[in-house]
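[1] no FASTA, just this:
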């Protein structure tokens, strides 16, 4: 099947916009889920042993407490798997449509910047006044 350059560009631009939306949704999901201790269900869980750098364990425990460590690690693994799938999707799109040109990359980055600045302003608005 032959796809015209403009159709390919539109498809890649649409995919880039969806990718930015996906990244933002993942980021929001990640930060929201960490604020709810014990949110992850015990159903279908497997206890494993992992080795983690001392400094990282200390930082996580400081953030979530000793009882939230498993939930934090579970969410971190889920997040990494989502990022890996996203990377695979981007690779498939590049194989199918070719690499994005500089204009598309600039548009995607600008969209991400707008989303992040909007999130920062919403976060500031929710913070309680001292």
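    Cool, got the structure. What you are looking at is a predicted structure, and each value in this text was computed from that prediction instead of being measured.
[2] By mean pLDDT, point me to the weakest helix or strand of the protein.
    One helix or strand of the chain scores below all others by mean pLDDT, DSSP states H and E: helix 5-34, with a mean of 62.
[3] for the helix or strand following that one, which positions count as buried?
    Scanning forward in sequence from helix 5-34 by DSSP states H and E, the next helix or strand is helix 54-64. Going by neighbour count (16 or more other Cβ atoms under 10 Å), the buried part of helix 54-64 is 60, 64. To be clear about C-beta, it is placed using only N, CA and C from the backbone, and glycine gets the same treatment.
[4] and residue 79, what element?
    Applying DSSP H and E as the criterion places residue 79 in helix 69-97.
[5] can you give me the end-to-end distance of stretch 61-77?
    End-to-end distance for stretch 61-77: 17 Å, by Cα to Cα, to the nearest Å.
[6] any idea how far residue 52 is from residue 76?
    Counting by Cβ to Cβ, to the nearest Å, the gap from residue 52 to residue 76 is 10 Å.
[7] Compare the two (neighbour count), which wins?
    residue 76 (14 against 11; other Cβ atoms under 10 Å).
[8] and the gap between that one and residue 63?
    In terms of Cβ to Cβ, residue 76 sits 12 Å off from residue 63.
[9] repeat for residue 118
    Using Cβ to Cβ, residue 118 is found at 25 Å from residue 63.
[10] low pLDDT regions in the protein?
    1-43, 123-130 (pLDDT under 70).
[11] Try it again at 80.
    For the chain, the stretches with pLDDT under 80 are 1-43, 66, 119-130.
[12] For the strand or helix carrying residue 114, name the packing helices and strands.
    Using DSSP H and E, residue 114 maps to helix 102-126. Helix 102-126 makes packing contacts with helix 5-34 when contacts are defined by 3 or more Cβ pairs under 8 Å, 6 or more residues apart in numbering; DSSP states H and E.
[13] which residue packs closest to residue 64, ignoring adjacent ones?
    Sequence neighbours aside, residue 72 is the residue nearest to residue 64 in space, at 5.0 Å (criterion: Cβ to Cβ, 6 or more residues apart in numbering).
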